[in-house]
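Undergrad: I need the structure of the sequence given here:
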Amino acid sequence: MSTYASGQPDTTAGHAARQLPHRTSLFVTGDFPRRRWPTVLLGTLGGLLLAYAWNANLVDDQIGFGTADALLGHDAHGTPITGVVSGVLFAFVSGLAGSFTACNIAAFGAVGPLVGQSPSLRHRLLHVAKPLGWVFAGMAPVSAAYGALVGLVGTHMPQFSTAAGKGLTPRALQSMTAFGLIGLVMIVLGLAAVGLVRDPLAGLSRRFPNAPLVLVGAMIGGFLVGRPYPLFRDLFRHAATTHNPVYGAGAFLLQSIGNIAVMAVLFVALAYGTGGRLQRVLASRPARISVVTAAAFLVAGVFTVVYWDVRMLARLGYLWFPPSPWG
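TA: From the prediction side, this is the model:
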């Protein structure tokens, strides 16, 4: 036991030991910032502004179509998929071209908190590959299972519906449900990261420490369940008409891999390109990791819910949301 200068016993050391932060899962370190609400407020405002400013025509049509056309060497959206080989190539290219669509902005937010988690510069490749591998482990079964389902059920699925009208179509309802649930999960994870709600993954993480990464992968795979992106609908249509669940599973998995390819490169670039400086900056004040994690999840979660649910209902006249200048 240590003593003060006055000679009195120092009991603060034992008290501090009892108060050490307790990590409950990969995204909830226990090192919470003293001022939590500013992080929540800024993350929420960031998601709202992103949902307001997002230009689907620029991102989906000009960037997405332009990238796919350049990679395939022809009009990706206007040229029919003629067979399994061309379908496999189209799956990966369309996933890569769709990396910056409104769906995948959430994926960048989900993996953003992993940057700087590597404890040292040694074996950095392993430190980068392992979390991406666990993300893939969560993404692969969801993407493959949904692709197999599309191959079995075919064109009878709501996502294939071309029904038009003033109300909510089956395809719109499926998109709103899928992205709404994913966005809510991200918001809860963001609030948990700063200690405002209990960590929902605490119990599972005690047995499976990488469960949060698997959940992130499952959410990325779940984007396909609601995705209305035109190039994905082309792939969806081809997989549905082949009635081949094996092809559907493989094609959907390849598109998800294409979706996360740019994200993975960004992750590697941040881990390597900063030369460990980013890790040291975060480690110097552990609460910064909680702030980065919470902000990333909140921006992505609020954006996903507002863009896919609130803006959708506003366009149909059910509620009001300020329209952006570019529509």
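
Undergrad: which residues touch the nearest residue in space to I81 that is not next to it in sequence?
TA: Spatially, and ignoring its direct neighbours in sequence, I81 is nearest to H238 (4.3 Å; Cβ to Cβ, 6 or more residues apart in numbering). For glycine as for every other residue, the C-beta is placed from the backbone atoms N, C-alpha and C. H238 makes contacts with I81, G87, F90, A251, as judged by Cβ atoms under 8 Å, 6 or more residues apart in numbering.

Undergrad: which outside residues touch whichever strand or helix holds the third one?
TA: In the assignment (DSSP states H and E), F90 maps to helix 84-97. Contacts with helix 84-97, where a contact means Cβ under 8 Å, 6+ apart, come from 63-65, 67-68, 71-72, 76, 81, 229, 231-232, 234-235, 238-239, 242, 244, 247, 250-252, 254-259, 261-262.

Undergrad: among the residues you listed, name the buried ones.
TA: Among the contacts of helix 84-97, the ones that count as buried by 16 or more other Cβ atoms under 10 Å are 63-65, 67-68, 72, 76, 81, 229, 231-232, 234-235, 238-239, 242, 244, 247, 250-252, 254-259, 262.

Undergrad: next up, the contacts around G226.
TA: For G226, the residues meeting the contact criterion (Cβ under 8 Å, 6+ apart) are C103, Q159, Q174, S175, M176, T177, A178, F179, W308.

Undergrad: how does it look with 7 Å?
TA: Q174, S175, T177, A178, F179 (Cβ atoms under 7 Å, 6 or more residues apart in numbering).

Undergrad: and if you look at Q174?
TA: When contacts are counted by Cβ under 7 Å, 6+ apart, Q174 is found next to P158, Q159, V225, G226.

Undergrad: CA atoms only for stretch 223-236, dumped as PDB, please.
TA: Taking C-alpha atoms only, stretch 223-236 is exported to PDB below (Å, rounded to 0.1, in the frame of the first residue of the first chain):
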ATOM      1  CA  PHE A 223     -28.000  -4.900 -48.000                       C
ATOM      2  CA  LEU A 224     -28.900  -7.200 -50.900                       C
ATOM      3  CA  VAL A 225     -32.200  -8.000 -49.300                       C
ATOM      4  CA  GLY A 226     -33.400  -4.500 -49.800                       C
ATOM      5  CA  ARG A 227     -31.200  -3.200 -52.600                       C
ATOM      6  CA  PRO A 228     -33.000  -1.400 -55.500                       C
ATOM      7  CA  TYR A 229     -29.800  -0.400 -57.300                       C
ATOM      8  CA  PRO A 230     -30.500  -0.900 -61.000                       C
ATOM      9  CA  LEU A 231     -27.400  -3.000 -61.700                       C
ATOM     10  CA  PHE A 232     -28.200  -5.300 -58.800                       C
ATOM     11  CA  ARG A 233     -31.800  -5.700 -60.100                       C
ATOM     12  CA  ASP A 234     -30.300  -6.800 -63.500                       C
ATOM     13  CA  LEU A 235     -28.300  -9.500 -61.600                       C
ATOM     14  CA  PHE A 236     -31.400 -10.300 -59.500                       C
END
